[in-house]
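Engineer: sequence and predicted structure below; questions after.
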Amino acid sequence: MRPLLSRPNVGALLSLGRARPAWPQGERGAGAGVRAPSCPGMVRSPAVSRGLPVPDPSRDSGLRPLVSRHPVALGGGRGLSQGVSPISFRDAEAYERMTGAWSRLVGPSFLDWLALLPGLRWLDAGCGNGAFTALVVDRCAPAGVEGVDPEPAQIAHAQRHRQRPGVRFAVGDAGALAYPPGSFDVAVMALVLAFLRDPAQGVAELVRVLRPGGVACAYSWDLPGGGSPLAPLGLAMRQSGVLGPSAPSESVSCEKAMRQLWIDAGLGHVRTCRITVQRRFDSFEQAWETSRLGASTAAVLSRLDPSTLTEVKARFRANLRQDTRGPVSLTAHAIGVRGRTS
Ligand SMILES: C[S@@+](CC[C@H](N)C(=O)[O-])C[C@H]1O[C@@H](n2cnc3c(N)ncnc32)[C@H](O)[C@@H]1O
């Protein structure tokens, strides 16, 4: 079996974890098509998410407690009267400025942690506009990379800006990959798990297309831990009674659930890590204008009346808890997971 590791898995990371069963031995959590494991700190709130787990607001980003003059309720919260806009990845340029830049901050530490050899065949499932794919090319010298994503606008952006020898982008679904078994040495999902309707099926597909001894890996924001770059803005929206959409599988976006997904998919040598990144903005205005471009926030905020938007902005400023007269920085926390096929 060809070795994949270039060196021991230590790097500029805040914390590393070994796989431990999250549930009692013998009790299985999720498999493909089975309910996925979920995170501590997620609460069920039918009014907000139609029954899906959502982050517990009292733990949200460790900021001040939620105080809303406009309690969110189905049909009652601002932003709800015309229905909640879905999360959209159609605007690839906006994605580039907001989430793509954040993904590029996490990517290098994640790749250092993987510490894989050059010359491997990579699959980037949910590649978006290719922000992370480009890092793989620059830092890992792969033999080739296939990037797939269901959003045609993102794939078009990737093909325009990130086309390199050995790299191919195509529209595709991580839950039903169009590749035969054993096609890849490494299969990765960067900031994708929470957006899959069936994360266990997505991981099962990574495993299926890997060769024996291949590496399945992913990173996601620690959503229940308030780790999303959008946590301060999301809190500001809820404090203002404005409801944004939630991703279908936010409940798997934490260390415990991700580790369990990997174990349940039959992967061995499962490891996790936590990566903290900070993004500096020249001004509060720049942080605001960038954050409001988020895939889950842009459509809702663009439809708010001016006074509500002003309120959200003021609360966002307060939630940053720093002097906002000069440069400001936002912090985000990601969880990485990796495992080997047998
Ligand atoms: C936050 S973006 C991450 C994009 C890219 N990996 C990065 O790090 O910049 C999430 C991506 O997941 C994609 N996605 C949503 N559902 C998917 C599915 N079923 N299969 C593959 N990708 C999916 C979205 O289209 C979007 O591009």
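Structural biologist: Good, I have the coordinates.
Engineer: which is the succeeding secondary structure element to the helix or strand where residue 271 lies?
Structural biologist: Using DSSP states H and E, residue 271 sits within strand 268-281. Per DSSP H and E, the first helix or strand lying C-terminal to strand 268-281 is helix 284-291.
Engineer: buried residues in that following helix?
Structural biologist: 284, 287, 288, 290, 291 (16 or more other C-beta atoms under 10 Å). Using the backbone N, CA and C atoms, a C-beta is placed for each residue, glycine as well.
Engineer: the spatially closest residue to the second one that is not a sequence neighbour - how many residues pack around it?
Structural biologist: When you say that, I think you mean residue 287. Computed as C-beta to C-beta, 6 or more residues apart in numbering, the closest residue to residue 287 that is not its neighbour in sequence is residue 281, at 4.0 Å. Here the number of neighbours of residue 281 (other C-beta atoms under 10 Å) works out to 17.
Engineer: residue 281 reaches residue 290, doesn't it?
Structural biologist: Yes. Residue 281 lies in contact with residue 290 (C-beta atoms under 8 Å); the separation is 6.7 Å.
Engineer: what ranges do the strands span in the stretch 151-300 of the chain?
Structural biologist: 167-171, 184-190, 210-221, 268-281 (DSSP state E, counting those that start in this stretch).
Engineer: to the ligand, which of these lies closest?
Structural biologist: strand 184-190 (3.6 Å; C-beta to the nearest ligand atom).
Engineer: that closest one packs against which elements?
Structural biologist: helix 101-114, strand 121-125, helix 131-140, helix 199-209, strand 210-221 (3 or more C-beta pairs under 8 Å, 6 or more residues apart in numbering; DSSP states H and E).
Engineer: re the thing from before, helix 284-291 and the strand holding residue 271, what's the angle between them?
Structural biologist: Comparing the axes of strand 268-281 and helix 284-291 via axes from the mean of the first three to the mean of the last three C-alpha atoms, to 10 degrees yields an angle of 140 degrees.
Engineer: convert the C-alpha atoms of strand 268-281 to PDB, please.
Structural biologist: Below are the C-alpha coordinates for strand 268-281, written out as PDB (Å, rounded to 0.1, in the frame of the first residue of the first chain):
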ATOM      1  CA  GLY A 268      -9.900   4.000  10.600                       C
ATOM      2  CA  HIS A 269      -7.200   6.100  12.200                       C
ATOM      3  CA  VAL A 270      -9.800   8.800  12.800                       C
ATOM      4  CA  ARG A 271      -8.300  12.100  14.000                       C
ATOM      5  CA  THR A 272      -9.700  15.600  14.500                       C
ATOM      6  CA  CYS A 273      -8.200  19.000  15.000                       C
ATOM      7  CA  ARG A 274      -9.400  22.500  15.800                       C
ATOM      8  CA  ILE A 275      -8.200  25.400  13.800                       C
ATOM      9  CA  THR A 276      -8.700  29.000  14.900                       C
ATOM     10  CA  VAL A 277      -8.300  31.800  12.300                       C
ATOM     11  CA  GLN A 278      -8.500  35.500  12.500                       C
ATOM     12  CA  ARG A 279      -9.400  37.900   9.600                       C
ATOM     13  CA  ARG A 280      -8.500  41.500   9.800                       C
ATOM     14  CA  PHE A 281     -10.600  44.200   8.100                       C
END
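Engineer: which other helices and strands contact that strand?
Structural biologist: Checking 3+ C-beta pairs under 8 Å, 6+ apart, strand 268-281 ends up next to strand 15-18, helix 101-114, helix 255-264, strand 328-340.
Engineer: for the third one, buried residues please.
Structural biologist: It refers to helix 255-264. 255, 256, 257, 258, 259, 260, 261, 262, 263, 264.
Engineer: please identify which of the residues you listed is nearest to residue 339.
Structural biologist: Residue 339 has its nearest neighbour among these in residue 262, at 4.3 Å by C-beta to C-beta.
Engineer: wouldn't that closest one be in contact with residue 202 here?
Structural biologist: No. Counting by C-beta under 8 Å, residue 262 does not reach residue 202; the two are 11.6 Å apart.
Engineer: which one is residue 148 nearest to, not counting chain neighbours?
Structural biologist: Residue 148's closest residue in space is residue 172 (C-beta to C-beta, 6+ apart), at 3.2 Å.
Engineer: by mean pLDDT, flag the weakest helix or strand of the protein.
Structural biologist: helix 46-49 (a mean of 25; mean pLDDT, DSSP states H and E).
Engineer: only alpha carbons, please: show stretch 183-199 as CSV.
Structural biologist: Coordinates of each C-alpha in stretch 183-199 appear next as CSV, following Å, rounded to 0.1, in the frame of the first residue of the first chain:
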residue,chain,number,x,y,z
SER,A,183,-10.6,6.7,-8.2
PHE,A,184,-8.8,8.8,-5.6
ASP,A,185,-6.1,8.8,-2.9
VAL,A,186,-7.6,11.7,-1.0
ALA,A,187,-11.2,12.9,-0.9
VAL,A,188,-12.0,16.2,0.9
MET,A,189,-15.0,18.3,1.8
ALA,A,190,-14.1,21.8,2.8
LEU,A,191,-17.0,23.7,4.6
VAL,A,192,-19.5,21.4,2.9
LEU,A,193,-20.9,18.9,5.5
ALA,A,194,-23.5,21.2,7.0
PHE,A,195,-25.0,21.8,3.5
LEU,A,196,-25.6,18.2,2.7
ARG,A,197,-29.1,16.9,3.2
ASP,A,198,-27.5,13.5,4.2
PRO,A,199,-24.0,14.0,5.5
